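**Student:** build me a model:
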Amino acid sequence: VVSTQSTGIPSPSHLTSMTSPKYFINWTTFKKSWEDVTVAHWLKYPNPFSKHVLSEDVVERRIEDGKLFTVRFIVKKQRIPSSLMWMVPAKHKACYVKETSVIDPVNQECTITTENLNCRFISLVIETLKYKGVKMCETLMERRTRISAKIESIQNYTYDRYKRNIVNTDKGMMCVLGLLEECQRQGLTAQFNM
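**Tutor:** Modelled structure (predicted):
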């Protein structure tokens, strides 16, 4: 990773039952080709920085107008603080995430949106990653995340935890990119469920 820029941007007020959303935006430049970064995304789990990810399943895939559309469900360990666990029914002990992606090889763009499917009564986190090839061996990733909650203190906790967690998310991506590079150097083919 060459550079990372971030900004916490307050959102405009909305009249909803949730707090006004908080937004997190950052940009990261990978000194890797767009193809390598896109493949690394599909190989991202497992990695040493994602031990909380329990499973991932592709539930839909289609090609339309030369673009690959995919929907995956990812199951993670629930990381709600113990002080809030009394609010969480037993069926929500795991976190279920829906990931929708669009890969556009012609324009070297990959857009991935994730959102939690359960525990929305506590908080809703919607993250969009956009990978764009900018040079032969350089890919820009833009991360835009919207965090809402019913209670402001929970929203602040979720926002702060999210900011801390993306450090490990990016380390995991770099780890997978390193493994992919090593496979290429040895003439091996990466195996993944794309």
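**Student:** CA only for contacts and neighbour counts going forward, please
**Tutor:** Fine.
**Student:** which ones are touching the residue nearest to residue 97 when sequence neighbours are not counted?
**Tutor:** Of all residues not flanking residue 97 in the chain, residue 116 sits nearest, at 4.4 Å (CA to CA, 6 or more residues apart in numbering). Contacts for residue 116 (CA atoms under 8 Å, 6 or more residues apart in numbering) come out as 95, 96, 97, 98, 124, 125, 126.
**Student:** doesn't residue 113 make contact with the third one?
**Tutor:** Same thing as residue 97. No - with contact defined as CA atoms under 8 Å, residue 97 does not count as touching residue 113 (10.1 Å).
**Student:** buried set for the longest helix belonging to the chain?
**Tutor:** Of all segments of type helix in the chain, defined using DSSP state H, the longest is helix 152-185. Under the neighbour-count criterion of 16 or more other CA atoms under 10 Å, helix 152-185 has 154-155, 158-159, 162, 169, 171-177, 180-181 buried.
**Student:** residue 63 in helix, strand or coil?
**Tutor:** strand (DSSP: H, G, I helix; E, B strand; the rest coil).
**Student:** residues contacting it?
**Tutor:** Contacts for residue 63 (CA under 8 Å, 6+ apart) come out as residue 69.
**Student:** thank you, goodbye.
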